[in-house]
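> Pasting the sequence and the predicted model now:
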Number of protein chains: 2
Amino acid sequence: MSDLKNNLPVLYSYFRSSCAWRVRLALTFKKVDYEQRYIDLIKNEHKSEEYLKIQPFGLVPAFIDNKSGQTLIESVSILEYLDETYSDFPLLPEDPLERAKVRALVQAIAMDIQPVTNLRILRYVGDDRKDEWARHFLAEGFTALEAMLQKTAKKFAYGDSLTMADIVLVPQIFNGVRFGLDLNAYPIASRLYQELNEIPEFKATHPTKQADCPEELR
Amino acid sequence: MSDLKNNLPVLYSYFRSSCAWRVRLALTFKKVDYEQRYIDLIKNEHKSEEYLKIQPFGLVPAFIDNKSGQTLIESVSILEYLDETYSDFPLLPEDPLERAKVRALVQAIAMDIQPVTNLRILRYVGDDRKDEWARHFLAEGFTALEAMLQKTAKKFAYGDSLTMADIVLVPQIFNGVRFGLDLNAYPIASRLYQELNEIPEFKATHPTKQADCPEELR
């Protein structure tokens, strides 16, 4: 507990990590103050002995909960925890069937798109194939996601209130575009991305606004 | 609704799919009767126009909920839905911090191990590299998972009660071993796998006991 400044929760983060951005968004919508500690993936700080003790996969984010002093990992699990413990601005509907549909959108992104197109995978795929690999799985993933959004989206990804699905969608699109996602092919995802990015909480938590974002990328 | 026989819920499944096995386990522990419909991944039935209308990613499982007549997708979302709507045999603890730790184990498997070593990825990796690929990511994933289990496992993956973490763990190990996972390197995962496989619900839902399992693999 002595490791927490002013007793604030801590988010281990990297400005470009879509999974860390998810947690920044949840904390910001729920008006929870927190400290960020930066793990530079390019410098391989996530593979340091010290960080592997915190997160055994060497992935960001990790979250130190100030209520218990304990460290939580896996971003969607952290989102669920924050939603269960901070009642302000619920991220899931109340009805179980609606919750299942929001979670399906979340998991389509968090299980079927993000893990197969993230930095750890692209590095292992190798330089000669990684661009084609990312474009293939991003196109496959967003084609399916767009079909889901056709059934669920109104003002937001699920209905007319912001949910966990929006919080996971925007960071995925931001990183997807960097790796060759042609957003024009997905009109609903594209419209949501434009509109959500105008919301103050999305602006404040944007990768280019983080303290560890290099000057030339801002 | 007319599509449901005897008003039972339906699980679209493939005997070797670890994600379908997760849902069979939850239904079985919760004593929910269900009908299975078989989607043969080898015959590419998951890419048929008909199935893609049910599951836009062309992945199994999909679940038709008999309470609402609606189709749910994404296995972990289905597990959460079943846990919220069938109170028998809860799959998550009550305390939010403990729930977060169980969900972290679930997601370590469901996001960081399964998606990067499943059939769709290995097919795309290609025949000349797929064995090495699977071994690499299975070893990396299980090394991290074992470190998590060192902190959480007692009789079960989390503490002394069976949770969603056990339900996700066993199918992942079963498939991992097929693809070159050396289970001896992970003593806690190995011990859990042996003990859990003795439980009647794991035996009854085992891939080799499913109606679509070919005779020679039983």
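Perfect, I can see it now. Bear in mind that the values here come from a model prediction, so they are computed numbers and not experimental data.
> and A:A110, how far is that from chain B?
To chain B, A:A110 is 6 Å away according to Cβ to the nearest Cβ, to the nearest Å. All C-beta atoms are positioned from the backbone trio N, CA, C, and that covers glycine.
> any idea how far A:P187 is from that residue?
The spacing between A:A110 and A:P187, counted by Cβ to Cβ, to the nearest Å, is 23 Å.
> Compare these two and say which is more crowded by neighbours.
Neighbours were counted for A:A110 and for A:P187 using other Cβ atoms under 10 Å in any protein chain shown; A:A110 has more, 27 against 12.
> The more buried one in helix, strand or coil?
helix (DSSP: H, G, I helix; E, B strand; the rest coil).
> Find the nearest non-adjacent residue to it, please.
What sits nearest to A:A110 in space, not counting adjacent residues and going by Cβ to Cβ, 6 or more residues apart in numbering or on different chains, is A:V76, at 5.2 Å.
> element containing that neighbour, please.
helix A:75-85 (DSSP states H and E).
> centre of the chain versus that helix, how much separation?
12 Å (Cα atoms, centre = their mean, to the nearest Å).
> quick one, that helix and helix B:75-85 angle?
Between helix A:75-85 and helix B:75-85, the angle comes out at 20 degrees (axes from the mean of the first three to the mean of the last three Cα atoms, to 10 degrees).
> what sits up against helix A:75-85?
Helix A:75-85 has contacts (Cβ atoms under 8 Å, 6 or more residues apart in numbering or on different chains) with A:19-20, A:22-23, A:26-27, A:30, A:32, A:61, A:63, A:65, A:67, A:72, A:90-92, A:106-107, A:110, A:164, A:167-168, B:96-97, B:99-100, B:103-104, B:106-107, B:111.
> Inside strands: which ones of those residues?
A:63, A:72 (DSSP state E).
> Selection in PyMOL covering whichever of the contacts of helix A:75-85 are buried, please.
Listed next is the PyMOL selection for buried residues among the contacts of helix A:75-85, using 16 or more other Cβ atoms under 10 Å in any protein chain shown:
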select buried, (chain A and resi 19+20+22+23+26+27+30+32+61+63+65+72+90+91+92+106+107+110+164+167+168) or (chain B and resi 96+99+100+103+104+106+107+111)
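> The contacts of helix A:75-85 in helices, which ones?
Counting by DSSP state H, the contacts of helix A:75-85 place A:19-20, A:22-23, A:26-27, A:106-107, A:110, A:164, A:167-168, B:96-97, B:99-100, B:103-104, B:106-107, B:111 in helices.
> Name whatever forms a beta bridge with A:L72.
A:F63 (DSSP bridges).
> Which residue ranges make up each domain of chain A?
For chain A, automatic domain parsing gives the domain ranges A:10-89, A:96-202.
> Can you redo those domains as TSV, where the extra columns are mean pLDDT and distance to B:M148?
What follows is the domains of chain A, written out as TSV (pLDDT from 0 to 100; distance: least, Cβ to Cβ, whole Å):
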stretch	mean pLDDT	distance to B:M148
domain A:10-89	95	6
domain A:96-202	96	17
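> how about those domains in a markdown table, adding distance to B:I42?
Listed next are the domains of chain A as a markdown table, based on distance: least, Cβ to Cβ, whole Å:
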| stretch | distance to B:I42 |
| --- | --- |
| domain A:10-89 | 31 |
| domain A:96-202 | 19 |
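> between these, which gets nearest to B:A157?
Set against B:A157 and scored by Cβ to Cβ, those come closest in domain A:10-89, at 14.2 Å.
> Distance from the chain centre to that closest one, please.
10 Å.
> what's the span of that domain, first residue to last?
Using Cα to Cα, to the nearest Å, one end of domain A:10-89 lies 20 Å from the other.
> And stretch A:7-16, by the same measure?
For stretch A:7-16, the end-to-end distance is 26 Å (Cα to Cα).
> quick one: buried residues of it?
Applying a neighbour-count criterion of 16+ other Cβ under 10 Å, one finds A:9-16 buried in stretch A:7-16.
> is it possible to export those residues to JSON lines including secondary structure?
Output for those, formatted as JSON lines (three-state DSSP):
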{"residue": "A:P9", "secondary structure": "coil"}
{"residue": "A:V10", "secondary structure": "strand"}
{"residue": "A:L11", "secondary structure": "strand"}
{"residue": "A:Y12", "secondary structure": "strand"}
{"residue": "A:S13", "secondary structure": "strand"}
{"residue": "A:Y14", "secondary structure": "coil"}
{"residue": "A:F15", "secondary structure": "coil"}
{"residue": "A:R16", "secondary structure": "coil"}
